[in-house]
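Trainee: Predicted coordinates and the sequence they were generated for:
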Amino acid sequence: MALRELGSIFGLASRSGTRPVVRCANLPIRRYASTDATQDLEPASSFSAPPPSEDIVKSYDPVAQSRRRGRRLPPSRYQFRPPKYYRGPLHPHQPPPPSDPSSRVFQPGPFSLPRLEQTYQSTIQPDLMTLAYTHFPPGYTAPPKGARLRSWEGASPYFKNRPLRGPRGSDVLRLLRQPTTFRNVPKLTGVTVHSMVKEANEDPAVLDVAKMVVQAITNARTKVHKARMSVIQWGHREGRVVSVTADLTGEDMYHFLGKTIDVVLPRIKDWKGVKGSSGDSSGNLTFGLSAENVASFPEIEVNYDMYPPKMIPGCHVTVHTSATNDRDARLLLSSIGIPFYGKLVD
Amino acid sequence: MNAGQKSARQLASRSSWRPQDPICLSCRISRRRHASSAAAAAVEQPAPLQTIPPATSTSSPPQAYALKAGVVLCRPPQITRDLQPFEKAFFLYQRRLNERLALPFTRYFYFKKDTPADIEWKRKAKTRLTAARDIGVYHAYGKEGWNDEVLVGAKESEPEWQVEALLKDMEVPAAGEASAGAQAGAMVEKREEVERPMSRVTEADRRGDVKSLDRLLQRSLYLVVKNGEGRWTFPCDRLIGREGLHLAAERILVQAGGVNMNTWVVGNAPIGYFHADFPKGIMNEEKNVEEVGEKVFFMKARIMAGQANLEQNKFGLQDFKWLAKEELEKTVTARYWSAIRNMLADR
């Protein structure tokens, strides 16, 4: 109320004073930090520059030009060869950045703007932000938290300078959950598709089929893994190849999740969803797809006959999120369309 | 994800509740915390809280703001957005670069030799020179593979053109004529029609129907109503009794737009607020306070299905519209717009 009165006093003073003040009752005039900066910006932009004239556009035909030339230009005119080895930052011949098509490590892409990514940005992210918002009144200071690692208490002289003890009850330090702000709303960071083929122990050629299947459904190169130790019950022998994985990020990840959620999962009969106890308690959830489900991916369906019969494997799909606990990760995944069933374990 | 809110509520419920208290919940909590910390260190005095005058005088009733809840009912975007010209050109260029760098298409893995599908594939690949179906006529491995950029005004980078190319590729020759056509070596004229995707511009867009939820599929739409004074606002109403913002939002949606809407009120916290001062204080007999203005706290809600119907509304609303952000700016008052602009999604 005092502030209100202060405002009215100021208003009276300005009205009665000698200096006329521009009234701006309806127009909200604000000063932003960027207001001054915009005056320094150059008004001219390449977007406002006029396009080349009609006749220049019509007459420009690089293919005809090169055909007319008849001979090949010397490679030095059009070919840039990046250095084969990086010779340090002071060397005059520096490699171009990886996004440059002339770079030796250039990977083309992205090729599209995935639908799931757009949905996340336009709908899911603001909703998660609203759901998780925690209001701290002005003047709020978070209460100090105790140290998570314990010191060694006792008379033993060996406790001096000893590394701190782990938390009570468990050996590991769990990830901390920070208050959600617009900077750290949980998002998808990656997907790992993993397929272990038991029969590959006897015949490594079986793994090639799994490799082709995983590559077909993920659009990413696979890695092959060897058994670390022998397990008699599973028929594992140390050093034999047993499984393939594909790590997806970015565009591939969104396309893979999109077609899994929209095409494959709805086709599974009597599927209850992903088990609620799934997760590694740091925001990464895993679910499995059986061999029939993998066969219903559109990429496999289109030439199902070309795969050897009964050799299409099932797989595990791990969804990595930037959430630091399973509860937030599950909220994110259920908002993009993956249902959960059973007891939810956080 | 709402542990902080919950604990705040628990704190508030533990404190003595006074319905007449003009101080809001979180301020009350912070005041308690400050009071407790002040006991430990008397140096820290809560400066901003001194601005709230104690309700002591008996002659004039205490001043307060009328507390209201508003609902920002939103229909999220239904389809992907149109790409910018730069994005279109960039994506096509990257696809062509990929065609240059990738290993050639392994036909033998996808088509058995001399099957109709194989013959069809060879015929198509001969015309477009490449395995990709939507990058136009481009031979990545040929002598002129360097010519991977399209010229000004080329149609290949337009998504409509690419969809057409994919659909044309999906069309299979009608049964019986495939063998004849292949033998003749000519293009097969008669083809089975493939179902086209629905238009991205709807009938409501063409009619300019602002009451339809089928308009502007790429944008978020917001429900605005014309109140009794003829002003366009989000639906809002006073908080009744002890109800919270979430409950009030659900009630307002039903009382304003009818029961034929499947809605979800997102979260328990408001996403923005609007405050206006009355020119003269209004006496509220019920609460025995003099209202010097109003404060509207906006809750976010999503509509899943249904449509608003104002026939049974209890707030004297005259009309409603579903508007995108930039249309809202022209509809509401400038003061209202400055309060709501930052809580609306750009798309």
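Mentor: Arrived safely. What you are looking at is a predicted structure, and each value in this text was computed from that prediction instead of being measured.
Trainee: So the longest strand along chain B, near chain A or not?
Mentor: Selection of the longest strand in chain B by residue count, based on DSSP state E, yields strand B:289-306. Yes - on the criterion CB under 8 Å from any CB of the partner chain, strand B:289-306 is in touch with chain A at B:V292, B:K300, B:R302. In this view, the C-beta of every residue, glycine as well, is placed from N, C-alpha and C.
Trainee: ranges for the strands of chain B?
Mentor: Going by DSSP E, chain B shows strands at B:63-75, B:221-226, B:232-233, B:236-238, B:261-266, B:272-284, B:289-306, B:319-323.
Trainee: Just checking the distance from the first one to the centre of its chain.
Mentor: For strand B:63-75, the gap between its own C-alpha mean and the chain's C-alpha mean amounts to 20 Å (CA atoms, centre = their mean, to the nearest Å).
Trainee: what helices or strands is that strand leaning on?
Mentor: Counting contacts by 3 or more CB pairs under 8 Å, 6 or more residues apart in numbering or on different chains; DSSP states H and E, strand B:63-75 packs against strand B:221-226, strand B:236-238, helix B:245-257, strand B:261-266, strand B:272-284, strand B:289-306.
Trainee: Dump it to PDB, keeping only the CA atoms.
Mentor: Extracted C-alpha coordinates of strand B:63-75, given in PDB (Å, rounded to 0.1, in the frame of the first residue of the first chain):
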ATOM      1  CA  GLN B  63      -7.400  -2.400   2.000                       C
ATOM      2  CA  ALA B  64      -6.800  -5.400  -0.100                       C
ATOM      3  CA  TYR B  65      -6.700  -6.600  -3.700                       C
ATOM      4  CA  ALA B  66      -9.400  -8.700  -5.200                       C
ATOM      5  CA  LEU B  67      -7.900 -12.100  -5.800                       C
ATOM      6  CA  LYS B  68      -8.900 -13.800  -9.100                       C
ATOM      7  CA  ALA B  69      -7.900 -16.900 -11.000                       C
ATOM      8  CA  GLY B  70      -7.600 -16.800 -14.800                       C
ATOM      9  CA  VAL B  71      -7.300 -19.800 -17.200                       C
ATOM     10  CA  VAL B  72      -5.000 -19.800 -20.200                       C
ATOM     11  CA  LEU B  73      -6.600 -22.600 -22.100                       C
ATOM     12  CA  CYS B  74      -4.300 -23.600 -24.900                       C
ATOM     13  CA  ARG B  75      -4.600 -26.000 -27.800                       C
END
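Trainee: Indicate each strand paired with that strand and its parallel or antiparallel sense.
Mentor: Take DSSP bridges as the rule and strand B:63-75 pairs in its sheet with strand B:221-226 (antiparallel), strand B:236-238 (antiparallel), strand B:289-306 (parallel).
Trainee: out of the ones you listed, nearest to A:Q125?
Mentor: strand B:289-306 (12.9 Å; CB to CB).
Trainee: Tell me which residues of the closest one come out buried.
Mentor: For strand B:289-306, burial by neighbour count (16 or more other CB atoms under 10 Å in any protein chain shown) applies to B:289-294, B:296-303.
Trainee: now stretch A:273-290
Mentor: For stretch A:273-290, by 16+ other CB under 10 Å, it's A:V274, A:K275, A:G276, A:S278, A:G279, A:G283, A:N284, A:L285, A:T286, A:F287, A:L289.
Trainee: Could you list the low-pLDDT ranges of chain B?
Mentor: B:1-59, B:173-191 (pLDDT under 70).
Trainee: Let's see that with 50 instead.
Mentor: Scanning chain B for pLDDT under 50 picks out the ranges B:1-5, B:15-17, B:19, B:37-51, B:53-57, B:177-188.
Trainee: okay, now the domains of it?
Mentor: B:63-79+B:201-343, B:85-184 (automatic domain parsing).
Trainee: okay, those, which one's buried deepest?
Mentor: domain B:63-79+B:201-343 (a mean of 17; mean count of other CB atoms under 10 Å in any protein chain shown).
Trainee: mind checking the end-to-end distance for that one?
Mentor: Distance across domain B:63-79+B:201-343, first residue to last, is 29 Å (CA to CA, to the nearest Å).
Trainee: now it, how far from the centre of its chain.
Mentor: Relative to the centre of its chain, domain B:63-79+B:201-343 is centred 15 Å away, using CA atoms, centre = their mean.
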